[in-house]
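**Q** Predicted model and sequence follow; I will ask about them next.
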Amino acid sequence: MNSPTELLAAADPTAWAEVGQAHPHESAVLHVLGEAAYTDDLPELQGTLQAAFGLSQKAHARIKALDLDAVKSAPGVVAVLTARDIPGVNDCGPVIHDDPVLADGVVQYVGQPIFVVVADSYEHARQAARMARIEYEELPAIFTPQQARQAQSYVLPPMRLQRGDFRQAFEKAPHKVRGTLFVGGQEQFYLEGQIAYAIPKEDRGMLLLASTQHPSEMQHVVAKVLGLQSHHVVVECRRMGGGFGGKESQSALWCAAAALCAARLKRPVKLRADRDDDMLVTGKRHCFYYEYEVGYDDAGRIAAARVEMVLRAGFSADMSGPVATRAICHYDNAYYLSDVDIVALCGKTNTQSNTAFRGFGGPQGAIAMEYVLDDIARNLGKDALEVRKINLYGRNDSEGRNVTPFGQTVKDNVIHELIAELEQSSDYRQRRAAVKAYNAASPVLKKGLALTPLKFGISFNLPHLNQAGALVHVYVDGSILVSHGGTEMGQGINTKIMQVVAHELGVTLDRVRATAADTSKVANTSATAASTGADLNGKAAENAARQIRDRLAAFAASAWGGTADAVTFYDNRVHVNGQSLAFGAVVAKAYLARVQLWSDGYYATPGLSWDGPNMTGNPFAYFAYGAAVSEVVIDTLTGEWKLLRADSLYDAGRSLNPAIDIGQVEGAFIQGMGWLTTEQLWWNADGKLMTHAPSTYKIPAVSDCPADFRTKLFDNANVADSIHRSKAVGEPPLLLPFSVFFAIRDAIASVGDYRVNPPLNAPATSEEILNAVDAVLAAAHPQAPS
């Protein structure tokens, strides 16, 4: 029986669509059956050795003596390598070369690799790595962004974006608010830890099977460390068990060390981290400390805004520069700011070098503005939603309120309509009144409600990274294989690109298969990051498939008559000159006629520009929008809380796959909620991360999801010429759970009759909630006994 899509296409060939369909993830069945192969699941070659790092136990110290005799004589140990054994460059930094593979003379955080042990088993390697005797000379250490700011300790020069005259506008404003905020970092907590399997090949070649979001970067780093050229190294990644940014640059350490050992010993070497070591070694989402001052009028409209954001960069630069840039560019969130002064400082601390994490600084920039608006609303006795609405970007040029602080015009602003739809569908007004009535009658349990919007720019801030390649093969039986520069980490990029190729060639999805990301097939790829994976690689795959389709159309017209532009492809058939021929049959005849049945494809996002020193330009191809309403209840005696209901509305454009996109929105919501509520990173006085396992680091569980969880995609075609007018869905939805944080703040404020701004930092743990409740009670009732 023909499907509705096939029947519609028969009447109107332009209606044929494999895009926009809710297809399951291409590996869904393999996931469920446990047959999806991750790096550690791949059969090991004969002679494979296992490796483990020996880690620093000091936060900042000179290594006075390194005694590895006990390590070398431990059972099963084959070799122990240090920085002296690196034939090339001892560096794995993605931007600035300040990140050694193995510490050389100085250690800069607890958990920094000093040496690598290679043994006959994983257990022997790990056991031996703990037998080193190291004599340290301790040096002064810095742990927090506040300490880094006080010491003027930075990994990069300060960044600043100004527009208008902040000071003059601030002094003229009738109302002012000043304050501080701390927002903690977050562990990526991918289910599959960091892993690399290095296999030496002939003529100094090296094959890396790795869990990485950036195969090309791994290729370049490994080549430099081994003193080779990039063409000596091939990196392959079929899939990751999660990435979230933690495998964009930081997989380089594991790839480089595994390749170093394999090259030295001429044997395959696997290096994988257990959860504790993974969390001790690798960087996380940057925590931010803010100091802000904002001027506003009687209606709550912002007249002037200044913020200084200090990031905990860690001991090296890693991705801190781009993260800070994106934080600056998202401080405005969805709001027009006429006179601003935004400063970002990348504090150098003796902790793990922080790195990419879903949102990449955007959430940290935007939450500061939401905090300010929440303050303003309470100061004026208004509903926070009204204050948010009055500050939104305008809809067109004539209003003069649609240019960002960095100079990009917001051309596709649908946030007004999106908020209006969500406000109505979530029954916001009725629930606001119900929450206040509940709180008036409940002395201990308090409810809170918040609606927060988002605007998120899509593209890498560096224009040259916004390019992608793909390779499409059509085989003589009519089956299709696509290779592209993106990496699959569970987000469904392969599924979407398979849909794009199937759509372009008029075949059903079962005719298309995606291969592993492979640097020998598609070269010089960008990281699968910045929510650009499907945008860039989808366009490249479409370009490749279209070239093949055009060749087949020309061949069909020459073989069966008619013109090439009249040939159509749908329902696994080629329709030419009144005839309907099986796609496979046409392909087979085209092969006999020596028609090229493979093609490369390429895409570069047009219209992008960025002036880094002045922080101005058009860095984003378009903006994605969204909003969420959350309702919580807190216990003012214990600090416990629960999310009762969440309503999310997200602008995915013309979704390539609504099922996958809704799953991404829901996942981002819960992950972002964890960042802002339960996931607390804690270092002891000696600089050791103590929350380095699930026993002490609390990610959200199924029981933390709301019983009433409503997620919907907003109906809106992208104004930009994106792949089938879709929009990115990886990072932007992580801002939706701002509504949870501010609902908690709303509930806390109720204990002071909404007259006091709770000093709530993130994550809003039970302890943090209790501290804020106490502060509000003390401010609201200053004469009450303690």
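**A** Noted; the coordinates are in hand. What you are looking at is a predicted structure, and each value in this text was computed from that prediction instead of being measured. Residues are numbered from 1 along each chain as shown.

**Q** got a list of what the nearest residue to residue 462 once chain neighbours are set aside touches?
**A** Distances taken as C-beta to C-beta, 6 or more residues apart in numbering put residue 610 closest to residue 462, at 6.8 Å, once the chain neighbours are dropped. Using the backbone N, CA and C atoms, a C-beta is placed for each residue, glycine as well. Counting by C-beta atoms under 8 Å, 6 or more residues apart in numbering, residue 610 touches 461-463, 616-619.

**Q** can you rerun that using 7 Å?
**A** Residue 610 is in contact with 461-463, 617, 619, counting by C-beta atoms under 7 Å, 6 or more residues apart in numbering.

**Q** For these, which PyMOL command selects only the ones that are buried?
**A** Paste this into PyMOL to select the buried members of the contacts of residue 610, with burial taken from 16 or more other C-beta atoms under 10 Å:
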select buried, resi 461+462+463+617+619
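
**Q** Pull the most distant pair out of the contacts of residue 610.
**A** Of all pairs drawn from the contacts of residue 610, the widest gap by C-beta to C-beta lies between 462 and 617 and measures 10.9 Å.

**Q** which residue is nearest the centroid of this structure?
**A** residue 358 (2.1 Å; C-alpha atoms, centre = their mean).

**Q** Quick check: the nearest residue to it once chain neighbours are set aside vs residue 686, distance?
**A** Leaving out its chain neighbours, the residue that sits closest to residue 358 by C-beta to C-beta, 6+ apart is residue 244, at 4.9 Å. Distance from residue 244 to residue 686, counting by C-beta to C-beta, to the nearest Å: 28 Å.

**Q** Which one's more surrounded, the two?
**A** The neighbour count for residue 244 versus residue 686, taken as other C-beta atoms under 10 Å, is higher for residue 244 (28 against 13).

**Q** measure the more buried one to residue 571 for me?
**A** Using C-beta to C-beta, one gets 39 Å for the distance from residue 244 to residue 571.

**Q** next one: residue 338
**A** Plainly put, residue 338 is 55 Å away from residue 571 if you go by C-beta to C-beta.

**Q** Which one of the two is surrounded by more residues?
**A** When neighbours are counted by other C-beta under 10 Å, residue 338 and residue 571 differ, and residue 571 comes out ahead with 21 against 18.

**Q** What pLDDT is listed against the more buried one?
**A** Predicted confidence (pLDDT) for residue 571: 96.

**Q** same deal with residue 191?
**A** Per-residue confidence at residue 191 stands at 96 (pLDDT).

**Q** That one: what secondary structure?
**A** Classification of residue 191 using DSSP: H, G, I helix; E, B strand; the rest coil returns coil.

**Q** what comes up buried for stretch 563-582?
**A** So, applying 16+ other C-beta under 10 Å, buried residues of stretch 563-582: 567-576.

**Q** so how far does that stretch reach from one end to the other?
**A** 18 Å (C-alpha to C-alpha, to the nearest Å).

**Q** Report the distance from it to the chain centre.
**A** Between the centre of stretch 563-582 and the centre of its host chain there is 42 Å, according to C-alpha atoms, centre = their mean, to the nearest Å.

**Q** and what of stretch 706-723?
**A** Between the centre of stretch 706-723 and the centre of its chain there are 18 Å (C-alpha atoms, centre = their mean).

**Q** then it to PDB, C-alphas only?
**A** Output in PDB follows, covering the C-alpha atoms of stretch 706-723 (Å, rounded to 0.1, in the frame of the first residue of the first chain):
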ATOM      1  CA  PRO A 706       8.000  16.900  35.400                       C
ATOM      2  CA  ALA A 707       4.900  14.700  35.400                       C
ATOM      3  CA  ASP A 708       3.400  17.300  33.000                       C
ATOM      4  CA  PHE A 709       6.000  17.900  30.300                       C
ATOM      5  CA  ARG A 710       4.600  19.700  27.200                       C
ATOM      6  CA  THR A 711       6.900  20.300  24.200                       C
ATOM      7  CA  LYS A 712       5.900  21.800  20.900                       C
ATOM      8  CA  LEU A 713       7.600  23.100  17.800                       C
ATOM      9  CA  PHE A 714       6.700  26.600  16.600                       C
ATOM     10  CA  ASP A 715       5.400  26.900  13.100                       C
ATOM     11  CA  ASN A 716       7.900  29.100  11.300                       C
ATOM     12  CA  ALA A 717       9.900  28.700   8.200                       C
ATOM     13  CA  ASN A 718      13.500  30.000   8.500                       C
ATOM     14  CA  VAL A 719      13.900  33.300   6.600                       C
ATOM     15  CA  ALA A 720      17.600  32.300   5.900                       C
ATOM     16  CA  ASP A 721      18.300  29.800   3.100                       C
ATOM     17  CA  SER A 722      19.100  27.000   5.500                       C
ATOM     18  CA  ILE A 723      18.700  23.300   4.700                       C
END
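
**Q** Could you list the buried residues of it?
**A** Buried positions in stretch 706-723, judged by neighbour count with 16+ other C-beta under 10 Å: 706, 711, 713-714, 716, 718, 720, 722-723.

**Q** Next, residue 116: phi, psi?
**A** Phi and psi for residue 116, reported as degrees, to the nearest 10, are phi -130, psi 130.

**Q** Quick check: it touching residue 49?
**A** No - because the distance of 11.1 Å does not satisfy C-beta atoms under 7 Å, residue 116 is recorded as not touching residue 49.

**Q** Make sure the residue nearest to residue 462 is indeed in a strand.
**A** Yes - under three-state DSSP, residue 610 sits within a strand.

**Q** Tell me the bridge partners for it.
**A** On the basis of DSSP bridges, residue 610 is bridged to residue 617.
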